[in-house]
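Asker: The amino acid sequence is not available; the structure is as follows:
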């Protein structure tokens, strides 16, 4: 069975600095998708960024980028120029390419941003 | 554009009572999902549906029932609520599993916080 591991329960970053959140996963599939979701105190789950496994190029969305290392099964999220609004729980998630479509989530990393 | 909504947002009930959580999406997405979020577990899939009248179990289905008579609605029923079902429940939807960028991305509702006394 696929698993997703986030080894950092909590992280802290200074405003305007850069922080990297780690995620590793385990799968025997070659076709899959990876996601980072943000959950602010409002509890809303917000998609931050996604990556297709067949793409070698790392995804980027404004200040958010990923470092996707397929062989190492690693999918880290880098947040540049951190802002106070980035403070939230961040969840890494995995989905098989041809499966029923459900997401498998890590347990999350709580990010604090210091002014 | 309302997107995906859940009701109620907060619910307190007692052990043994039946509770129904509602989920409605306005995108006509084919796939809909129910997750529960518990401290230390992240989000876990309860049930999902690929289309109207097609549902299947996820990782933690025991004690829950779903139906999907219309594409836009996917209610989740706790037939006899237990304290272990105290949780935050999220509904999500995605357009399809087709290999077109972003069609498989799941979008989440705001969640329902359920307390079973």
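Answerer: That came through, no problem. Note that this is a predicted model, so its numbers are computed, not measured.

Asker: Name the nearest residue to the residue nearest the centre of chain B, ignoring sequence neighbours.
Answerer: Residue closest to the average C-alpha location in chain B (C-alpha atoms, centre = their mean): residue B:34, at 2.6 Å. Leaving aside its sequence neighbours, residue B:34 sits nearest to residue B:46 (C-beta to C-beta, 6 or more residues apart in numbering or on different chains; 4.3 Å). (Glycine included, C-beta is placed from N, CA and C.)

Asker: picking that back up, run through the residues that contact the residue nearest to the centre of chain B.
Answerer: Residue B:34 is in contact with B:21, B:23, B:45-48, B:58, B:64, B:66, B:74, B:76, B:89-92, counting by C-beta atoms under 8 Å, 6 or more residues apart in numbering or on different chains.

Asker: Could you name the helices and strands sitting against the helix or strand hosting the residue nearest to residue B:34?
Answerer: Using DSSP states H and E, residue B:46 sits within strand B:42-51. In terms of contacts (3 or more C-beta pairs under 8 Å, 6 or more residues apart in numbering or on different chains; DSSP states H and E), strand B:42-51 is packed against strand A:104-105, strand B:31-38, strand B:54-57, strand B:64-66.

Asker: and those strands as a markdown table, adding distance to residue A:94 and mean pLDDT?
Answerer: Listed next are the helices and strands packed on strand B:42-51 as a markdown table, based on distance: least, C-beta to C-beta, whole Å; pLDDT from 0 to 100:
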| stretch | distance to residue A:94 | mean pLDDT |
| --- | --- | --- |
| strand A:104-105 | 5 | 92 |
| strand B:31-38 | 14 | 94 |
| strand B:54-57 | 19 | 91 |
| strand B:64-66 | 23 | 97 |
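
Asker: Export the ones you listed as JSON lines, with columns for distance to residue A:114.
Answerer: Supplementary listing: the helices and strands packed on strand B:42-51 in JSON lines, determined by distance: least, C-beta to C-beta, whole Å:
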{"stretch": "strand A:104-105", "distance to residue A:114": "27"}
{"stretch": "strand B:31-38", "distance to residue A:114": "26"}
{"stretch": "strand B:54-57", "distance to residue A:114": "43"}
{"stretch": "strand B:64-66", "distance to residue A:114": "41"}
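
Asker: Of those strands, which is nearest residue B:112?
Answerer: Closest approach to residue B:112 among the helices and strands packed on strand B:42-51 is made by strand B:31-38 (9.9 Å; C-beta to C-beta).

Asker: Same question for that closest one: list its buried residues.
Answerer: Neighbour counts over strand B:31-38 (16 or more other C-beta atoms under 10 Å in any protein chain shown) mark B:31-37 as buried.

Asker: same thing with stretch B:37-49?
Answerer: Residues B:37, B:42-49 are the ones in stretch B:37-49 that count as buried (16+ other C-beta under 10 Å).

Asker: check which helix or strand covers the spatially most central residue of chain A.
Answerer: Among the residues of chain A, the one closest to the centroid is residue A:36, at 3.3 Å (C-alpha atoms, centre = their mean). Using DSSP H and E, residue A:36 sits in strand A:32-39.
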